[in-house]
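Visitor: Sequence isn't available, so here's the structure alone:
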């Protein structure tokens, strides 16, 4: 059986259009462009509907990698899975995490005794505006997750620790376009559509991994918060109309020097869960040498939909100046930044059906 | 020598005008209105120039206590020190902490063997707009801190663990009024004036407590970040023109069932410092039974003025959508909320000269 | 038949809690407190869910008028109709418009030959959270409008030129309370609920005035934008659970020295409509002496729901930093401020079913 | 003497990265890429420090024009003057205005009897952070304005009607870099630095055009508001360190079918001034056929620094949620959009020394 090696590199950025850190790795020989599988970035926009830092970052990366890969910028985006999550509120620091895969030659038995980090990629077809936040998006996402597991050479769902989805949102123009065809969309609010799209994607992940029953459909979306995936992380962006899936887990066909594991935060102040996630890959919070082996933490943040945390009122949902997703990212980013000892962690907002209501998954990648 | 007993009660609020929790304590006999010395609240405004939730909360408290104290609402404000800190970003939960003092009869020897929590109050004269952020404010604040120490029956500066200051800010109208008298103010920007006012107040505290030399003046304000107080916490508000000082420490003349201690966060992600602060009053983070003895945590938050945390860029200072103080409160509130196991903690923004640049003091009050 | 005289006075304010201008009128004898019928104010909050400047302003007014009216503050609110519309974006200037009514003695024939400004007041019962934005709110509002017409001694609907409604909104707590009783609400988003509540109220006005058919129900709310009232102006606020109706028109039983008329802006840049509204009460825009007879302009502003104005894209609905209502108020306020020659005009956001989609009513009160 | 022809085309955009409208003109032969002199765009960012829509738009334009001009993207920026002004608040609609110049062959006497629209371009050297908002920026800008007049073949300063400047701002990183060299900057606040940079640039224009004395220096910057240019329009952006000058006026060496003129708004609600500007190029506001000859209106907007408009308080400067520049653009955009009958007008924020305090220049280009 074929086996793979993987590299996972965290690169700080100076702005949404900054590719200098990545290009330095390429120029210095530390990163072979053709091995790049996926890039997960945190960009410094508002993470909302009009966050153009995401598409700007992707455009800059495509332009920069185009000549190295000897393909047009547009084709770069088809080949590499880019997920830019907007919003670096509070202590969060803009950066990207690059996932690279080298296929080892058949017979090259570099397999290690334990399972190691492995990554798989897949994507769905483009959705129509009226399909977003509905069964079509749920079903197609589930199929894409299964494809990504095969791509990662992971058999067991318990070895999947992080499934990042990039999904579309509705804009005033897209709603209009659907209406012109006589179709109604799940919501006319662009901001609200981001929640529907993330929620449908997460339900798709949960179905594919057997976390919820196969019969769960759009009717329970954003309503039944007992339904969730413990490993899904979904970001909505204006720049695409399909779902991109980046699946990370541990595989016996990987010889990478990394491991991944995860825990589930039950609410936004669940410090013990973050510490457990670290310990599950052999790291210890509050221990600086241990922190040096940390590659990155990936977490979801959201304002608990019932307006309270452990019985006390929060004000995120009733704030008409700052969107709840920005509040939640800032707060959870502060907590995880404190545990990680750095603000360059991946905390993404909007955790509908990604972990329990008000909480979310937290995955950790460490060097073995 | 006279000795005192103190009570410290944390009360959640349903809105800036909500006094029902406090009134229930009064109505139920748990709190004697005439014993109330100070109220430190977190209200849910933006914490900026146009945050009217602070003055609204104070007006509501004055109206509510007026009949119980049998004085006019305006006189209530002169008698009780109200400090409302605006901004409950992220997981922070609106609440107030009430400090009450009962003078024990001379001879009633309730003194305990160790020093216990004690509170003292003082205030400065009203400032002119042109005095804000300048030597006049520094000097008057230092004098008021000394008065508050005497009021708290605390002799040694090492027994002072938290000095909360409420200070004024400049508005377009106040700047105009000063200009009409031919005076220039330290800054024409209202938002910027909040930083000057907080900074001058903190320098005043540091001088009074001997943390910096007596010769430090306005020339180094907001410039020399090596100058700071480890226990000052300053909030600027539109509703007053003088400084109010609430000083909390431990005194051998107190028989209260509480202790206070503090640590200093060196930056916004200094989780170990927060844990040390808890341990210094005998609590253990991550331990739920221990958390039940926690009364409140008081911390300052700010975006590090050099634009980076541990060498990595943050984006708080360059965000034209959300003020840096809101970012910082959300992030530090997330960290401290995680350690405390509750969002009802007092995290206040704008830590100029309150702790090292980018960091800040963190004080903890616990039931013994 | 009884006839009335009315006074309409515009008073600038220095802050949401400032009642000094109103009290000066009372103190100087220019305004008899017991004659005050209604106060329409613009306060400087965000006009959104967490805009506490509205309830703060009402609390301050109730406290100030309480001793003059010799009733408790709470009873003042029951007697005078207070409508505070939050949001003074751009050139808009915080102020209040006071409507006062003096009942003339029977027989005192002060009637003038033409119809003059008259005001009527009414209110609905409190709504349950699940009734907001639904048929119950529509129906009760229609009944209250009819009561207000009778109170204003106006017979013909064509003499009604401005119907201001203050209506409730949903908060996370109210949604939770309804859910606890097994009820679902029209939307879980507080911000979105403001639109539903304003829309249902406007539909209620339109039904009462015969602008739309009696059979129109909640099913077409926020969907069929061809349904609207040309004189409704609705503001949602967190501080009440019922609808308050202030109806202004011209009546032959009024001897006031004022007239009111209105026009309908077809979109947010409909300058000719604003000019027509002025001309309909005998004023001429661009003519300073004429402007001195202007008492106030009352207009509604909204971002056109199709995302475009005269075929060109606007970005108000896709902005995740500033809510569309704030954008729209700022823009329409700039236009109307230019015509009025002052920023102290009443421009209120959220014009669902108040005028055509993207436009809104504009009423003008002038001294004869 | 050489003479020129000019084209001025307004192109709507679908997003900051959208170049499809411009490329359609190029593809259809309506616009020769090599003739493009300058592009003035309104992009939909916040117009503040972290508005990346400006650099994204420029990057997209450079990439798109690169192949047509057969030069590298970076060289496109050196050849064409791009000025992207962020912020399309309220009714403002994202668009760009393309200025193209064709040099007519010597002897081709296409000169018309009257002066026609002409455009000239120039730029300064890169500034150091410590030079921004100071004499160096003032002096270099004045020299560049003179060069742009020569480039436009305009002799008399009275024929200059609009001078657009793109200027740099300070970021936390740039301030740090200067500090590392032992230099202090004019302000450590990025947002405040935008005002200094715009102000210094405007003073430079005023000096070059003889509007103020040659001896005016940085000491009166942002202090003496009686000093201003009636034709300067300055936008600060993070993406450059030098000033770009686009000067538009009427020249007898131009055979373009356009004219430009201007007026000065004395405050943000100066509707008569906007109408005068239209009339000065032969258009009549409120007249739809006339509006069809309008090419674009270019105006500056700002919150009056004394906090009031015609004696009544505005709240733009004390709003800690929305920056004053966004408020002002929305309001003035509403007024000018109403006069123009379209939201696709160029209203740019921050009018320090560009027109009188609180007001600003308004220029109109019309087809003859």
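Guide: Arrived safely, thanks for sending. As the structure is a prediction and not an experimental result, all values here were calculated from the model. Numbering: from 1, shown residues only, chains lettered A, B, ... in the order given.
Visitor: tell me the strands in chain A, going along the chain?
Guide: If DSSP state E is used as the criterion, the strands of chain A fall at A:3-12, A:36-43, A:81-86, A:95-104, A:116-123, A:160-167, A:232-236, A:244-251, A:258-265, A:294-301, A:308-309, A:312-313, A:346-349, A:360-367.
Visitor: Look at residue A:188 and report its pLDDT.
Guide: On pLDDT, residue A:188 comes in at 86.
Visitor: Spit out the contact partners of it.
Guide: Shown in contact with residue A:188 (CB atoms under 8 Å, 6 or more residues apart in numbering or on different chains): A:170, A:175, C:305. (Each C-beta comes from the backbone N, C-alpha and C, glycine too.)
Visitor: Please, a ChimeraX command that selects the buried ones among the residues you listed?
Guide: This is how ChimeraX selects the buried members of the contacts of residue A:188, with burial counted by 16 or more other CB atoms under 10 Å in any protein chain shown:
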select /A:170,175 /C:305
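Visitor: buried set for stretch A:63-76?
Guide: Under 16+ other CB under 10 Å, the buried positions of stretch A:63-76 are A:63-66, A:69, A:73, A:76.
Visitor: what pairs with the nearest residue to residue A:340 once chain neighbours are set aside across the strands?
Guide: Distances taken as CB to CB, 6 or more residues apart in numbering or on different chains place residue A:297 nearest to residue A:340, at 5.4 Å, with adjacent residues excluded. Beta-bridge pairing for residue A:297 (DSSP bridges): residue A:364.
Visitor: what do you get for the one 4 residues further on?
Guide: Beta-bridge partners recorded for residue A:301 (DSSP bridges): residue A:349.
Visitor: Next, count neighbours for it.
Guide: Residues lying near residue A:301 (other CB atoms under 10 Å in any protein chain shown) number 34.
Visitor: Make sure it is actually in contact with residue A:334.
Guide: No - the pair residue A:301 / residue A:334 is not scored as a contact, 10.1 Å apart, by CB atoms under 8 Å.
Visitor: Write out the residues of the stretch 151-300 of chain A neighbouring chain D.
Guide: A:173, A:238 (CB under 8 Å from any CB of the partner chain).
Visitor: measure the nearest residue to residue A:325 once chain neighbours are set aside to residue B:267 for me?
Guide: Once flanking residues are discounted, residue A:325 sits nearest to residue A:349: 3.4 Å by CB to CB, 6+ apart. Per CB to CB, to the nearest Å, residue A:349 is found 23 Å from residue B:267.
Visitor: Which residue of these two possesses the greater neighbour count?
Guide: residue A:349 (29 against 23).
Visitor: Residue A:45 contacts residue A:55, doesn't it?
Guide: No - counting by CB under 8 Å, residue A:55 is not a contact partner of residue A:45; they are 9.6 Å apart.
Visitor: between the two, what contacts are shared?
Guide: In contact with both residue A:45 and residue A:55: no residue, using CB under 8 Å, 6+ apart.
Visitor: More neighbours: which of the two?
Guide: In terms of neighbours (other CB under 10 Å), residue A:45 is the more surrounded of residue A:45 and residue A:55; the figures are 30 against 24.
Visitor: How about the backbone phi and psi for the more buried one?
Guide: phi -80, psi -170 (degrees, to the nearest 10).
Visitor: How about the residues of chain A by chain C?
Guide: Residues of chain A lying near chain C (CB under 8 Å from any CB): A:46-51, A:171-173, A:175-176, A:188-192, A:305-308, A:313, A:315, A:317-321, A:323.
Visitor: Now residue A:81: closest residue in space that isn't a chain neighbour?
Guide: Closest to residue A:81 by CB to CB, 6+ apart is residue A:38, at 4.1 Å.
Visitor: Quick check: the gap between the one you found and residue A:151.
Guide: Residue A:38 is 11 Å from residue A:151, by CB to CB.
Visitor: one step back: what's the local residue count around the residue nearest to residue A:340?
Guide: 24.
Visitor: I'd guessed it sits against residue A:363; true?
Guide: Yes - Residue A:297 is in contact with residue A:363 according to CB under 8 Å; the separation is 7.2 Å.
Visitor: ok, and the helix or strand in chain A with the lowest average confidence?
Guide: Least confident helix or strand of chain A, by mean pLDDT, DSSP states H and E, is helix A:288-291 with a mean of 76.
Visitor: Contacts for that helix, please.
Guide: Residues from elsewhere that reach helix A:288-291, judged by CB under 8 Å, 6+ apart: A:278, A:283-284, A:340-342.
Visitor: and the least confident of those?
Guide: Within the contacts of helix A:288-291, pLDDT is lowest for residue A:284, at 83.
Visitor: What separation do you get for that one and residue B:310?
Guide: Taken as CB to CB, the span from residue A:284 to residue B:310 is 18 Å.
Visitor: How about residue A:331?
Guide: 20 Å.
Visitor: do the same with residue A:203
Guide: Note on residue A:203: its distance to residue B:310, by CB to CB, is 38 Å.
Visitor: Mind checking which of the two has more residues around it?
Guide: Each of residue A:203 and residue B:310 has its neighbours counted (other CB under 10 Å); residue A:203 has more, 33 against 18.
Visitor: got a list of what the more buried one touches?
Guide: A:138, A:141, A:212, A:216, A:221, A:227, A:229, A:353.
Visitor: biggest separation within those residues, which pair?
Guide: The span of these, defined through CB to CB, is set by A:141 and A:227 at 14.2 Å.
Visitor: How confident was the prediction at residue A:35?
Guide: So, for residue A:35, pLDDT stands at 97.
Visitor: Count the neighbours of it for me.
Guide: Taking other CB under 10 Å as the definition, residue A:35 ends up with a neighbour count of 15.
Visitor: same deal with residue A:357?
Guide: When neighbours are counted by other CB under 10 Å, residue A:357 comes out with 19.
Visitor: for residue A:331, same thing?
Guide: With other CB under 10 Å as criterion, residue A:331 counts 34.
Visitor: Could you find the closest non-adjacent residue to it?
Guide: Leaving aside its sequence neighbours, residue A:331 is closest to residue B:90 (2.9 Å, by CB to CB, 6+ apart).
Visitor: Which residues are in contact with that neighbour?
Guide: Residue B:90 sits in contact with A:90, A:268, A:314, A:316, A:327-328, A:330-331, A:334, B:329-331, B:333-334, B:337, B:343, where contact means CB under 8 Å, 6+ apart.
Visitor: try 6 Å this time
Guide: A:327, A:330-331, B:330, B:333-334 (CB atoms under 6 Å, 6 or more residues apart in numbering or on different chains).
Visitor: before we move on, what about residue A:42?
Guide: A:85, A:88, A:94-95, A:346.
Visitor: Distance check, residue A:79 against chain D.
Guide: Counting by CB to the nearest CB, to the nearest Å, the gap from residue A:79 to chain D is 19 Å.
Visitor: now do residue A:24
Guide: For residue A:24 relative to chain D (CB to the nearest CB), the value is 18 Å.
Visitor: What of residue A:149?
Guide: 34 Å.
Visitor: One more: residue A:277?
Guide: 31 Å.
Visitor: swap in residue A:41?
Guide: 14 Å.
Visitor: what's the burial count for the closest residue in space to residue A:316 that isn't next to it in sequence?
Guide: Distances taken as CB to CB, 6+ apart put residue A:303 closest to residue A:316, at 3.7 Å, once the chain neighbours are dropped. Look at residue A:303: counted by other CB under 10 Å, it has 29 neighbours.
Visitor: just residue A:249 next, same as before
Guide: 30.
Visitor: from what I can see it touches residue A:161, true?
Guide: Yes - counting by CB atoms under 6 Å, residue A:249 does reach residue A:161; the two are 5.2 Å apart.
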